[in-house]
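Visitor: model the following, please.
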Amino acid sequence: MARQLESVPLEPLPLPTQITAGDGTRLDERGYEDFRSVFIDTKVISRAAGSAYVELGDTKVMAAVYGPRQSERKFGFSDRGRLNCELNYTSVAQKLREKQAQRSSRKELSAQLTTALQGVVDLDRFPKAVVDVAVLVLQADGGELAAAICAASAALADAGIEQTDMLPACSVALVDGKL
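Guide: Numbers count the residues shown, from 1 in each chain. Next up is the predicted model:
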C-alpha cells in the first residue's frame, strides 16, 4: 500500500526590516536571481551514526543522527519506527531575532523539519525503533529551515538510514513584488 506523503506547510516568517539597498540589490550584494553559495560535508561528528555540515551563504548548520535504537516502553509497540527531530540555535547564531521570537520558532521549525523528513525516511524498516536527528544552527543569515532540512537529509544518508530520495530544500521571499 502506497502511503500518502505530506508536504511541509508554508509558514510565512517575519521578514527583516530591510532586505534591499537603495539601488535594488540585496544587502548581501546578491541580485534577485542569484543563489546563495552551497557547501556540504559529511562525517563531521565522530560519535554520531551520521552527521553533516551545511553552509547556504552565511547560514551555517550542523546535523547529527543517532540510532536507530530501541524505542522506550512507554511509547508502546509500533510497526513503524519513530523520527525525533530537534532544531536549536547557538546563543550567538541570531543577531536579528530577539530571544523570545527565537524560543517560539524553535518548536515550530522542529515540527516542520520532522514533517519534511517523515516524507522521505522509510520508517517501516525500523519497527519498535527510534531515530534521533539533532540540528544546530551555528550562524543564521536566512534560510535556516532549508539548510536544516538539507543537513538532516545528508546526515541520515551518512548514517545509512534508508530514504526514498535525498531531500533538497530552499527558501523564497517575495519583496516588493519580486521573488
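
Visitor: going forward, measure contacts and count neighbours with C-alpha atoms only.
Guide: Noted.

Visitor: is the residue nearest to the spatial centre of the chain in a helix, a strand, or coil?
Guide: For the chain, the residue lying nearest the average C-alpha position, counting by C-alpha atoms, centre = their mean, turns out to be residue 148 (2.2 Å). In the three-state summary, residue 148 is assigned as helix, counting by DSSP: H, G, I helix; E, B strand; the rest coil.

Visitor: also residue 110?
Guide: Using three-state DSSP, the secondary structure recorded for residue 110 is helix.

Visitor: looks like the residue nearest to the centre of the chain contacts residue 113 (just checking).
Guide: Yes: with the criterion set as C-alpha atoms under 8 Å, residue 148 and residue 113 qualify as a contacting pair; they are 7.4 Å apart.

Visitor: find residues that contact each of these two.
Guide: The overlap between the contact sets of residue 148 and residue 113 (C-alpha atoms under 8 Å, 6 or more residues apart in numbering) consists of residue 87.

Visitor: measure residue 67 to residue 159 for me?
Guide: According to C-alpha to C-alpha, to the nearest Å, residue 67 stands 8 Å off from residue 159.

Visitor: any shared contact partners between these two?
Guide: Taking C-alpha under 8 Å, 6+ apart as the contact rule, residue 67 and residue 159 both touch residue 49.

Visitor: neighbour count: those two, which is higher?
Guide: Set residue 67 next to residue 159 and count neighbours by other C-alpha atoms under 10 Å: residue 159 wins out with 21 against 17.
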